[in-house]
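Visitor: coords please:
(one chain, ligands or ions: 1)
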Amino acid sequence: MHLTKEEEKMLNSDNETLRKCMEILVAVGETNDAERLVEITSAHISGVSYDNIGEAGLEWLESLEGKVKVPATVNPAGMDLKKWKEMGISEDFYEKQMRVLRVFEKLGVELALTCTPYYLSRPKYGEHIAWAESSAIVYANSIIGARTNRECGPCALAAAIVGKTPYYGLHVKENRAPTITVKIKGDLAAAGYIGGEELKNEIPYFVFDREVPEYELKLLGAALAASGNTAMFHAEGITPEWKDFEKPSEKIEIVGELRTECEPDLITIGCPHTSKEELELILKLLKGRKVRKEFWIFTSRKISGESSDLVEKLESLGVKVFNDTCMVVSPATQRFECIMVNSGKAFNYLPLMRKVEVTFGDLKTCVEKAVKG
Ligand code: F3S
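Guide: Numbers count the residues shown, from 1 in each chain. Below you'll find the model as predicted:
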């Protein structure tokens with residue numbers, strides 16, 4: 001891989017953190033035959049919950065010295081920073097999680113603690129970014145038209161400190177062409193969960209049989225990335241690059257339907273974190289009715305702050321709105337037995353990470369279950 005003089009200097013720097021970060025980028029670049037590095041406009045770092053990274057991850061983070069060169073945000077932590085006691089988080093976990101967050105703060109990273117950084121600051125079409133959160137990666141590539149590969153957590157952090165990432169894969173326009181046409185019927189989040197495996201290593205070109213709101217596209221991408229490895233899709237008539245390439249001749253159809261049986265003791269929305277529009281929609285679906293089951297919504301503190309009237313109204317109906325964390329990365333949900341979700345990603349990860357049973361329903365079904373018990 002070709003390095004500029006300045007990049008060579010960073011690779012041989014006395015600053016150990018900078019040197020290590022360059023080493024990571026060069027290793028990733030050479031493995032993927034990148035010809036050079038490219039400047040990025042933002043980075044989004046995953047691997048923030050203490051529950052995910054553990055003692056080894058914390059030690060590595062605490063060994064870092066320096067500052068990020070580009071605006072950088074982080075994924076959800078393992079708890080709501082204010083309501084952690086209400087979530088049932090232990091004092092010990094709280095302390096360890098705060099140590100993780102202090103490192104990011106020291107490095108100049110914004111503690112956004114969300115997997116939807118695009119609701120906070122939206123990259124522009126065509127911008128090169130280094131994001132490490134599979135659902136945000138699909139969103140950025142597909143719905144915004146920004147360019148990122150599926151970065152690992154340390155890779156995104158290294159890119160933030162260097163201000164660059166290896167130029168290969170989805171940073172290159174011709175690698176963004178769709179490879180298979182997929183007709184989707186039914187629920188999009190369920191279709192993403194079902195289709196993830198089959199669409200591994202593909203860039204699907206989706207055709208829908210109805211109008212699809214933004215949040216459903218977000219759920220589709222998140223599910224595809226979780227049960228498979230999708231980093232980008234095109235959606236006919238919707239996404240910004242759908243007309244830029246030839247429509248693939250190979251065609252399949254996926255029907256989004258998930259049948260599950262368990263009776264939920266928790267219903268949860270917000271994987272990925274909800275937008276203001278989703279909060280509005282949930283409130284509308286509740287029609288002033290109080291919930292009779294535990295009903296948790298996860299969103300970012302920024303969206304909560306901007307929607308404080310909505311949050312207040314939801315809470316007055318018995319809904320709990322948590323920030324900074326989510327149902328998968330927080331240990332708080334593992335005390336439940338069966339969790340109902342409208343997210344294909346949470347449906348995939350909750351049994352693995354929290355050892356709970358899951359059941360699936362679209363947003364309306366989840367709200368009705370919460371209200372009717
Ligand atoms: Fe976000 Fe947690 Fe889902 S990080 S995408 S809400 S698993």
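Visitor: show me what contacts the residue in the stretch 101-250 of the chain that the ligand sits nearest to?
Guide: Residue of the stretch 101-250 of the chain nearest the ligand, by C-beta to the nearest ligand atom: Cys115 (3.1 Å). Bear in mind the C-beta positions are built from the backbone N, C-alpha and C, glycine included. By C-beta atoms under 8 Å, 6 or more residues apart in numbering, the contact set of Cys115 is Asn75, Pro76, Glu133, Ser135, Ala136, Cys271, Pro272, His273, Cys326.
Visitor: where in the stretch 201-350 of the chain is pLDDT low?
Guide: Scanning the stretch 201-350 of the chain for pLDDT under 70 picks out no residues.
Visitor: kindly report the residues of it close to the ligand.
Guide: Within reach of the ligand by C-beta under 6 Å from any ligand atom, the stretch 201-350 of the chain has these residues: Ala222, Cys271, Pro272, His273, Phe298, Cys326, Val328, Val329, Lys345, Ala346, Tyr349.
Visitor: what bridges to Val38?
Guide: Assessed by DSSP bridges, Val38 has beta-bridge partners Thr165.
Visitor: the longest strand along the chain - contacts with which helices or strands?
Guide: What stands out as the longest strand in the chain, according to DSSP state E, is strand 266-274. Under the contact definition 3 or more C-beta pairs under 8 Å, 6 or more residues apart in numbering; DSSP states H and E, strand 266-274 sits against helix 214-227, helix 276-286, strand 294-299, strand 338-341, helix 344-354, helix 363-372.
Visitor: in the last one, what counts as buried?
Guide: When neighbours are counted by 16 or more other C-beta atoms under 10 Å, the buried residues of helix 363-372 are found to be Leu363, Thr365, Cys366, Val367, Lys369, Ala370, Val371.
Visitor: check the first one too.
Guide: Going by neighbour count (16+ other C-beta under 10 Å), the buried part of helix 214-227 is 215-227.
Visitor: what pLDDT does the model give the closest residue to Val109 other than its chain neighbours?
Guide: Closest residue in space to Val109, ignoring its immediate chain neighbours: Ala72 at 4.6 Å, by C-beta to C-beta, 6 or more residues apart in numbering. On pLDDT, Ala72 comes in at 98.
Visitor: now do the helices in this protein.
Guide: Assigned by DSSP state H, the chain shows helices spanning 5-11, 16-31, 50-62, 91-106, 134-138, 153-162, 188-195, 214-227, 276-286, 301-306, 308-316, 344-354, 363-372.
Visitor: Glu337: which of those is closest?
Guide: Closest approach to Glu337 among those is made by helix 344-354 (10.6 Å; C-beta to C-beta).
Visitor: CA atoms of that closest one as PDB?
Guide: Extracted in PDB, the C-alpha atoms of helix 344-354 (Å, rounded to 0.1, in the frame of the first residue of the first chain):
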ATOM      1  CA  GLY A 344     -34.700  -8.600  13.300                       C
ATOM      2  CA  LYS A 345     -31.300  -7.700  14.800                       C
ATOM      3  CA  ALA A 346     -32.500  -8.000  18.400                       C
ATOM      4  CA  PHE A 347     -34.400 -11.200  17.400                       C
ATOM      5  CA  ASN A 348     -31.000 -12.500  16.300                       C
ATOM      6  CA  TYR A 349     -28.900 -11.300  19.200                       C
ATOM      7  CA  LEU A 350     -31.000 -11.500  22.300                       C
ATOM      8  CA  PRO A 351     -31.000 -15.300  22.600                       C
ATOM      9  CA  LEU A 352     -27.200 -15.300  22.000                       C
ATOM     10  CA  MET A 353     -26.200 -12.400  24.300                       C
ATOM     11  CA  ARG A 354     -28.900 -12.400  27.000                       C
END
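Visitor: return the list of helices and strands in contact with it.
Guide: Counting contacts by 3+ C-beta pairs under 8 Å, 6+ apart, helix 344-354 packs against helix 188-195, helix 214-227, strand 266-274, strand 338-341, strand 357-360.
Visitor: quick one: the first one to helix 214-227, angle?
Guide: Angle of helix 188-195 versus helix 214-227, following axes from the mean of the first three to the mean of the last three C-alpha atoms, to 10 degrees, is 20 degrees.
Visitor: what does the third one give?
Guide: Taking the same axes, to 10 degrees, one finds strand 266-274 and helix 214-227 inclined to each other by 100 degrees.
Visitor: what about strand 266-274, distance to the chain center?
Guide: 12 Å (C-alpha atoms, centre = their mean, to the nearest Å).
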